[in-house]
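*Asks:* 3D, please:
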Amino acid sequence: MSACFTDIASGYSDAEAFERMLQGEGHYVSFGTGLQASTGLNPIPGYTGLSWNGATGFGGDPGYIDFSATGRIQYDAQLGDKWTIIFRDDADVTNIGAAYRSDGYYSLDGGATTGQWYRGNTPQTNAYVDVLDGVLTFFNDNAGTNAVDDLVILPYMATSAMMDIWTSADDAMPFFGPMPVMRTTGHFIAEQHSYMVGEVTGVSYVAKPQHISGNVSSTWVTNAKIVDFTLSEVSETYVRTDVL
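*Replies:* Residues are numbered from 1 along each chain as shown. Prediction:
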């Protein structure tokens, strides 16, 4: 399948996020059988206060983790200044979809908002995320046990629209795929979802004449970035089901 994405905006942040999503950058931890990400990334040794639960969570797949009141886990994902963290909070009871971005934007159950995400001021969720020196630290900021599922670590800032959609995903289906493979759904896909590998095949910029105020002539102004890409379906056996 071939298609293109067009971003007409200052800075082209939407196009950059789309490109990096297509390329499968990041890590996805489904907690299907343990703590390893689909990319092979393991937590830093020394995690405490958590246990793996084999029951089926809200994502429809078996497996999530229960955090005690002092539980914490860390992943050295080598993150830079820009990142996005997504997860299901209290996955066995209330199922809050939560996404936090390095610029302070966050989305809870598809609701866009802006504020602080750090411990002690995390709105509506019991989980606490922090990124320091490229390492993600994940805490339980609750007096009791808290369940977490479908952890996604992205080394870029997802768009606000992406975050809102991912946190409002259907309760009966995991909202992310085992990167670098993507889980896709839509009108052109017969199954509930398919696994795809994305490839960016070209990037171009389109300019059109725009009148500049105070100038009698027009000038060419770059105002659109076009990303050409392909999606190739792969069999489910291609996906590392042992870590999903």
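*Asks:* how does the chain divide up, domain by domain?
*Replies:* Domain ranges of the chain: 1-24+191-244, 26-179, per automatic domain parsing.
*Asks:* Lowest average confidence across these, which one?
*Replies:* Mean pLDDT is lowest for domain 1-24+191-244 among the domains of the chain, at a mean of 67.
*Asks:* Helices of this protein, start to end?
*Replies:* Along the chain, the stretches classed as helices by DSSP state H are 13-22, 160-167.
*Asks:* buried set for the shortest one?
*Replies:* Taking 16 or more other Cβ atoms under 10 Å as the basis for neighbour counts, the residues of helix 160-167 that come out buried are Ser160, Met162, Met163, Asp164, Ile165, Trp166, Thr167. Every residue, glycine included, has its C-beta placed from N, CA and C.
*Asks:* ok, now stretch 16-32?
*Replies:* Here stretch 16-32 shows 16-24, 26-32 as buried, counting by 16+ other Cβ under 10 Å.
*Asks:* now the strands for this structure?
*Replies:* Using DSSP state E, the strands of the chain run over 2-7, 27-29, 48-56, 62-76, 84-89, 96-101, 105-108, 111-114, 127-132, 135-140, 146-154, 182-184, 194-211, 218-234.
*Asks:* Reformat those as JSON lines; add distance to Asn42.
*Replies:* Below are the strands of the chain laid out as JSON lines (distance: least, Cβ to Cβ, whole Å):
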{"stretch": "strand 2-7", "distance to Asn42": "33"}
{"stretch": "strand 27-29", "distance to Asn42": "10"}
{"stretch": "strand 48-56", "distance to Asn42": "14"}
{"stretch": "strand 62-76", "distance to Asn42": "8"}
{"stretch": "strand 84-89", "distance to Asn42": "17"}
{"stretch": "strand 96-101", "distance to Asn42": "22"}
{"stretch": "strand 105-108", "distance to Asn42": "27"}
{"stretch": "strand 111-114", "distance to Asn42": "33"}
{"stretch": "strand 127-132", "distance to Asn42": "18"}
{"stretch": "strand 135-140", "distance to Asn42": "13"}
{"stretch": "strand 146-154", "distance to Asn42": "13"}
{"stretch": "strand 182-184", "distance to Asn42": "22"}
{"stretch": "strand 194-211", "distance to Asn42": "23"}
{"stretch": "strand 218-234", "distance to Asn42": "24"}
